[in-house]
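[1] Provide a 3D model corresponding to the input given below.
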Amino acid sequence: MKTGLAGLARTSEAGSKVRPIASARGTFALALPTNVDAERMVLGSILLDCKAFSAACTELTLEDFSLEKHRLIFRRIADLHRRGERIDRVTVYNELNRYREAVSCDGLSYLVSLDDGLPRLPDIEAYVS
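    Numbering: from 1, shown residues only. The predicted structure follows:
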């Protein structure tokens, strides 16, 4: 009898959904619970202060982001950083546009919304750990 992915999902002790993922061997393991708000805070912090990317990239990889649009944004920020270019809302949006990914990321308005509620001097270390 086969068990679907829904049968593998369970609730963590904290009450958040734990999502199943496939491993390289084809078996299933349980991933850490997702925290979309923390992902938004990390991306928003980087857009406010490009130096925050250095702190984030030592702790995070693309796979740490649960939403595809967050992975795309983080990837394009990394590309800009690698090329030594400025990282801000406009440059990230232009980079997403270059790869025809801006619509998948909900456009410039979503990038602008990422720093909603963030203090002007964000403490990114608190969100990446």
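[2] now the closest residue to residue 105 other than its chain neighbours: how far from residue 96?
    Ranked by CB to CB, 6 or more residues apart in numbering and with sequence neighbours excluded, the top spatial neighbour of residue 105 is residue 69, at 4.3 Å. All C-beta atoms are positioned from the backbone trio N, CA, C, and that covers glycine. Going from residue 69 to residue 96 by CB to CB, to the nearest Å gives 9 Å.
[3] what sits in contact with each of these two?
    Counting by CB atoms under 8 Å, 6 or more residues apart in numbering, the residues touching both residue 69 and residue 96 are residue 105.
[4] between these two, who's got more neighbours?
    Counting neighbours by other CB atoms under 10 Å for residue 69 and for residue 96 shows that residue 96 has the greater number, 24 against 18.
[5] Name the nearest residue to the more buried one, ignoring sequence neighbours.
    Spatial nearest neighbour of residue 96, excluding adjacent residues (CB to CB, 6+ apart): residue 102 at 4.2 Å.
[6] for that neighbour, phi and psi?
    Here is the backbone geometry of residue 102 (degrees, to the nearest 10): phi -60, psi -40.
[7] Also residue 75?
    Dihedral pair for residue 75: phi -60, psi -50, per degrees, to the nearest 10.
[8] Fine by me, we can end here.
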